[in-house]
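Chemist: I need the structure of the sequence given here:
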Amino acid sequence: MSKNSPVFPVLPVATTGQALVTYAGLNVLTSFVDALGFRRLCEDRLGQFVPAGARHRPGGMVGSVAVMLAGGGEHVSDLDMLRSSAGVFGKVASNATMSRFFQQAATAPEVFDYGFATMTRELRSRVWEAVGDRNPALMATALNPLIVDLDATLVTSHSDKEQAVGTYKGGYGFAPFIASIDYGAGNGTGEILAAVLRPGNAGANSADDHIKVFTAAIAQLPDAFYDQGGALIGEKVLVRTDSAGASRKFLHYLANLGVQFSVSYPVPVMKARMVAWINEKKYWQPALNQAGEERADAWVVNATDVLGLTDYPAGTNLYLRAEPLHPGAQATLLDPDGHRVTAFLTNSPRWHGPTLDVRHRARGRCENRIKTLKNTGLGKLPFFDFNANQAWVNIATLAMNLMSWMQLAMLPTDHPGRGWDVKRWRYRLFATAGKIITRARRNWLLIPETAPEASTITTLLEAIKELATQRRKRLPLPT
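Modeler: Residues are numbered from 1 along each chain as shown. This next block holds a predicted model:
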């Protein structure tokens with residue numbers, strides 16, 4: 001007679017009244033929110049959207065939704081993951097109360113968007129100030145500007161929501177436009193400055209939409225990016241886009257503000273014969289990889305004088321990049337000698353083509369930020385009303401930024417967590433279980449010493465405690 005050997009240990013299961021916490025690791029995020037003074041700031045900016053005598057205030061509701069989205073929730077009903085542990089997350093508003101809050105926000109979308117934007121700008125200023133000499137605002141110069149990536153994406157809608165229409169890819173839904181910051185390799189995953197929800201049939205190459213999202217983005221930058229007269233110090237900012245942002249109208253708008261740009265450029269077919277001198281490698285410089293090392297099979301050249309530019313801002317240069325066709329790629333008229341030729345425009349004060357090429361090719365990192373934003377709320381818009389969904393998108397950007405800000409400000413520069421994506425944060429840190437006990441008339445949250453990221457949790461909590469202490473010292477005394 002054979003004995004059935006189980007794959008996993010067989011244990012009897014019973015319920016208990018003990019104070020067990022499923023998502024105890026989210027305590028680092030709630031502690032970080034409180035250390036930033038979120039409740040008072042949110043009440044000041046969004047208090048008008050909640051009745052004066054209401055028990056649940058904007059700080060608690062917006063903060064709960066943001067923490068829930070960061071932890072992996074997708075809908076308002078997923079707040080149950082916080083409600084089950086009131087000892088850690090407090091009393092969370094009901095689904096009906098949350099829905100009324102979003103309905104109220106949708107009645108005055110301009111007021112809500114402005115209040116939310118000013119709130120996140122102040123939060124960003126507080127976080128960047130806490131970073132010290134790694135403050136992105138202090139590090140930005142004309143030669144090493146703050147990089148703002150602009151890119152549109154598609155979000156599928158599985159029901160008939162307001163302004164959900166057919167997309168150019170044959171789907172159905174929305175086409176949000178997103179502006180994000182690239183900190184650079186090894187300095188964190190970057191953050192979102194603005195996310196503007198648009199109908200699904202909105203064009204990706206609209207100059208007006210580029211101007212709109214850029215305007216919303218620079219309004220989020222701290223005071224260090226503005227002079228005493230309130231004008232943007234444009235040379236400290238570089239806008240990076242794909243070829244959809246290469247319109248003359250948009251580039252002239254940036255140039256008039258003194259802003260640098262680096263945008264992909266579709267070389268016209270009629271100029272294809274002009275790039276045939278790809279065979280003359282003596283005119284080209286070896287391209288660099290992201291580590292700054294020369295590549296033996298890729299080249300960069302300034303082709304402004306050869307191809308020519310018409311009606312573009314003064315100081316705009318056109319650079320070509322050539323590299324062998326990837327396996328399976330089909331050659332086109334612009335691919336002479338078995339090489340793929342791509343181009344980008346820039347008005348940067350730098351002149352070293354390979355360095356400019358490396359910076360432009362790093363634009364691909366914005367795709368990771370968009371993917372993360374979709375995983376923290378943008379991917380599933382829960383409401384029928386378009387303005388309510390825009391409010392949801394705003395909170396989704398906050399959820400993602402809270403994780404990015406923790407990476408930037410609360411972790412040491414050599415900590416590997418500064419490059420983690422949202423999946424690792426959730427499954428190795430936020431999902432850590434815990435238990436609430438009472439010791440010396442105080443409640444304590446215990447987490448297992450064997451948890452995968454127990455040391456990271458303690459590192460974060462120590463840094464957050466120091467941040468809260470420093471903020472209390474700087475706050476003015478009540479009168």
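Chemist: Okay, and the beta partners of Leu446?
Modeler: Bridge pairing for Leu446 (DSSP bridges) gives the partners Lys435.
Chemist: quick one: Thr413 is in a helix?
Modeler: No: Thr413 is assigned coil when assessed by DSSP: H, G, I helix; E, B strand; the rest coil, not a helix.
Chemist: Let me see the ranges of the strands in the stretch 51-200 of the chain.
Modeler: Counting by DSSP state E, counting those that start in this stretch, the stretch 51-200 of the chain has strands at residues 146-152, 155-156, 165-166, 172-174, 177-182, 191-196.
Chemist: ok, now the stretch 301-450 of the chain?
Modeler: With strands called from DSSP E, counting those that start in this stretch, the stretch 301-450 of the chain shows them at 317-324, 339-346, 434-439, 442-446.
Chemist: closest one to Gln470 among those strands?
Modeler: Closest of the strands of the stretch 301-450 of the chain to Gln470 is strand 442-446, at 23.1 Å (criterion: C-beta to C-beta). Any C-beta I mention is one placed from the backbone N, CA and C, and that applies to glycine too.
Chemist: The closest one: which residues count as buried?
Modeler: Leu445 (16 or more other C-beta atoms under 10 Å).
Chemist: quick check: mean pLDDT across the helix or strand that comes right after that strand?
Modeler: Once the chain leaves strand 442-446, the next helix or strand it forms, by DSSP states H and E, is helix 454-474. Taken as a whole, helix 454-474 has a mean pLDDT of 91.
Chemist: tilt between helix 454-474 and strand 434-439?
Modeler: Calculated by axes from the mean of the first three to the mean of the last three C-alpha atoms, to 10 degrees, helix 454-474 forms an angle of 60 degrees with strand 434-439.
Chemist: what sits up against helix 454-474?
Modeler: Identification of contacts with helix 454-474 by C-beta atoms under 8 Å, 6 or more residues apart in numbering yields 25, 27-28, 31-32, 34-37, 126, 130, 406, 409-412, 415, 417, 429, 432, 447-448, 451.
Chemist: Report the inter-axis angle for it versus strand 442-446.
Modeler: 140 degrees.
Chemist: Show me which positions of helix 454-474 end up buried.
Modeler: Of the residues in helix 454-474, 456-457, 459-461, 463-464, 467-468 count as buried by neighbour count, 16+ other C-beta under 10 Å.
Chemist: chain center to that helix: distance?
Modeler: Relative to the centre of its chain, helix 454-474 is centred 23 Å away, using C-alpha atoms, centre = their mean, to the nearest Å.
Chemist: For Val155, give the beta-bridge partners.
Modeler: For Val155, the beta-bridge partners are Phe174 (DSSP bridges).
Chemist: elements contacting the one helix or strand in the chain whose mean pLDDT sits lowest?
Modeler: Using mean pLDDT, DSSP states H and E, the weakest-scoring helix or strand in the chain turns out to be helix 304-307, at a mean of 83. Counting contacts by 3 or more C-beta pairs under 8 Å, 6 or more residues apart in numbering; DSSP states H and E, helix 304-307 packs against strand 317-324.
Chemist: Could you find the closest non-adjacent residue to Met400?
Modeler: Closest residue to Met400 apart from its sequence neighbours, by C-beta to C-beta, 6 or more residues apart in numbering: Thr376 at 4.6 Å.
Chemist: what about that neighbour, distance to Leu79?
Modeler: Shown here: Thr376 relative to Leu79, a distance of 15 Å by C-beta to C-beta, to the nearest Å.
Chemist: go on, Leu356?
Modeler: 47 Å.
Chemist: now Glu43
Modeler: From Glu43 to Leu79 the distance is 20 Å (C-beta to C-beta).
Chemist: between the two, which one's more packed in?
Modeler: Between Glu43 and Leu79, counted using other C-beta atoms under 10 Å, Leu79 has the larger neighbour count: 22 against 16.
Chemist: wait, isn't that one in contact with Ala96?
Modeler: No: between Leu79 and Ala96 there is no contact under C-beta atoms under 8 Å: 11.6 Å.
Chemist: in the stretch 1-150 of the chain, what spans have low per-residue confidence?
Modeler: 1-2 (pLDDT under 70).
Chemist: Break down it into its helices, ranges please.
Modeler: Listed in chain order, the helices of the stretch 1-150 of the chain (DSSP state H, counting those that start in this stretch) span residues 27-35, 38-46, 58-71, 80-83, 86-89, 95-107, 109-131, 136-139.
Chemist: packing partners for the third one?
Modeler: Judged by 3+ C-beta pairs under 8 Å, 6+ apart, helix 58-71 is in contact with helix 27-35, helix 38-46, helix 80-83, helix 95-107, helix 386-409.
Chemist: follow-up on the earlier one: in a markdown table: the strands of the stretch 301-450 of the chain, plus mean pLDDT.
Modeler: What follows is those, written out as a markdown table (pLDDT from 0 to 100):
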| stretch | mean pLDDT |
| --- | --- |
| strand 317-324 | 88 |
| strand 339-346 | 87 |
| strand 434-439 | 91 |
| strand 442-446 | 90 |
